[in-house]
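Enquirer: no FASTA, just this:
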């Protein structure tokens, strides 16, 4: 039996996600799985993710482990992956996405609408902060870090609520902590939220048993549009940008928001395309065109996007 070494961060959420991929690989290809824990900069360093470099802080060490041969595949939260190509590596599988929405977890079962005036809401995401303030400018949005349990514990300490990804809560069997699953019309998720990426070395993509069976084409198409949008917006880690693609039959729909960090101004875009024989290429084109239109409408005046967003 072939042994496949899977690289993962050691957090509870990361190991749970990796466990799902390991089970699927075992079922699809009969591989024997060995887990390799890798510590990333995002795990080691404290402080705001935007100050640490944001995109890539949870990824670089895992990619190094792949390239150095310490593991055969790596499992990432897809929203953590930089949009640029990684030489020598390939995203061999994008498993079926789970709920991409954000979840409000609040004291006294409050929803976003019923939170008392001036409530303190914790999040480490500029995207979430901007969209929260767009609908509730009275809120005091506090920058926080830590794992899911640490963040939830602050609700009974110094915060009235926190915002987390519904997917992470569900994977940890903690979705009952959510008091309000936020409609994408109110809060669009991060590009790739709710999806995983399984990376491997480019020359081994077709020799790891069961790997191609994990790929879910509708999810790959949807996130391709979202990530193309980010890439062509040149959105840095601090950019308040939300995006959600959805394949409905033979149609791909893409919704996008770019917001001022204080929520005072918001730009939205919605578009769709009928899918043909090369849906991933169409998805990339859709995301690219949405980015171009948003920049033409002045997105760079609202948020750190465009050439200045990379600085």
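Expert: Now that the structure is in, tell me what you want to look at. In this text, all values refer to a predicted model and were calculated from it rather than measured experimentally.
Enquirer: Which helix or strand contains residue 92?
Expert: Residue 92 is part of strand 89-93, with elements assigned from DSSP states H and E.
Enquirer: Direction included, what does that strand pair up with?
Expert: In its sheet, strand 89-93 lies beside strand 196-201 (antiparallel), with partners assigned from DSSP bridges.
Enquirer: mind listing the strands for the stretch 151-300 of the chain?
Expert: Counting by DSSP state E, counting those that start in this stretch, one finds strands in the stretch 151-300 of the chain at the ranges 161-165, 180-181, 196-201, 241-248, 251-259, 266-274.
Enquirer: just for the stretch 1-150 of the chain, where's the confidence low?
Expert: Within the stretch 1-150 of the chain, the segments meeting pLDDT under 70 span 1, 41-56.
Enquirer: quick one, strands of it?
Expert: For the stretch 1-150 of the chain, the strands defined by DSSP E, counting those that start in this stretch occupy 3-8, 32-37, 73-77, 89-93, 102-106, 120-122, 140-142.
Enquirer: What count of nearby residues applies to residue 125?
Expert: Residue 125: 24 surrounding residues under other C-beta atoms under 10 Å. (Each C-beta comes from the backbone N, C-alpha and C, glycine too.)
Enquirer: Show me the domain layout of this structure.
Expert: Structural domains of the chain, as assigned by automatic domain parsing, span the residue ranges 3-95+195-215, 102-181, 223-300.
Enquirer: do you know which of the ones you listed lies nearest residue 306?
Expert: Comparing those against residue 306 with C-beta to C-beta, the closest turns out to be domain 223-300 (3.8 Å).
Enquirer: That closest one spans what distance, first to last residue?
Expert: Using C-alpha to C-alpha, to the nearest Å, one end of domain 223-300 lies 23 Å from the other.
Enquirer: And stretch 230-249, by the same measure?
Expert: Between where stretch 230-249 begins and where it ends, there is a gap of 24 Å, by C-alpha to C-alpha.
Enquirer: circling back: save the domains of the chain as CSV, and put in distance to residue 306 too.
Expert: Supplementary listing: the domains of the chain in CSV, determined by distance: least, C-beta to C-beta, whole Å:
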stretch, distance to residue 306
domain 3-95+195-215, 15
domain 102-181, 16
domain 223-300, 4
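Enquirer: Test my guess that residue 227 contacts residue 286.
Expert: No - here residue 227 lies out of contact with residue 286, judged by C-beta atoms under 8 Å, at a distance of 11.5 Å.
Enquirer: what about the strand holding residue 92, distance to the chain center?
Expert: Relative to the mean C-alpha coordinate of its chain, strand 89-93 is positioned 17 Å out (C-alpha atoms, centre = their mean, to the nearest Å).
Enquirer: what angle do that strand and strand 73-77 make?
Expert: Here strand 89-93 runs at an angle of 70 degrees relative to strand 73-77 (axes from the mean of the first three to the mean of the last three C-alpha atoms, to 10 degrees).
Enquirer: outside of strand 89-93, which residues touch it?
Expert: For strand 89-93, contacts defined as C-beta atoms under 8 Å, 6 or more residues apart in numbering pick out 63, 66-67, 73, 81, 197-202, 205, 208, 211-212, 214-215.
Enquirer: what's the answer for stretch 21-36, then?
Expert: Outside of stretch 21-36, the residues within contact range by C-beta under 8 Å, 6+ apart are 1-8, 15, 18, 65, 70-71, 73, 75, 95, 196, 198, 208-211, 213-214.
Enquirer: From those residues, keep the buried residues only.
Expert: Neighbour-count burial (16 or more other C-beta atoms under 10 Å) is assigned, among the contacts of stretch 21-36, to 4-8, 18, 65, 71, 73, 75, 95, 196, 198, 208-211, 214.
Enquirer: Out of the domains of the chain, the one nearest residue 188 is which?
Expert: The closest approach between residue 188 and any of the domains of the chain, judged by C-beta to C-beta, belongs to domain 223-300 at 2.9 Å.
Enquirer: middle-most residue in this structure, spatially?
Expert: For the chain, the residue lying nearest the average C-alpha position, counting by C-alpha atoms, centre = their mean, turns out to be residue 79 (2.5 Å).
Enquirer: Give the burial count for the residue nearest to it when sequence neighbours are not counted, as a bare number.
Expert: Once flanking residues are discounted, residue 79 sits nearest to residue 192: 4.0 Å by C-beta to C-beta, 6 or more residues apart in numbering. For residue 192, the count of nearby residues is 27 (other C-beta under 10 Å).
Enquirer: before we move on, what about the one 10 residues further on?
Expert: Neighbourhood size, residue 202 [other C-beta under 10 Å]: 12.
Enquirer: and if you look at residue 28?
Expert: Neighbour count of residue 28, defined by other C-beta under 10 Å: 15.
Enquirer: Likewise for the one 10 residues further on?
Expert: Residues contacting residue 38 under the criterion other C-beta under 10 Å number 20.
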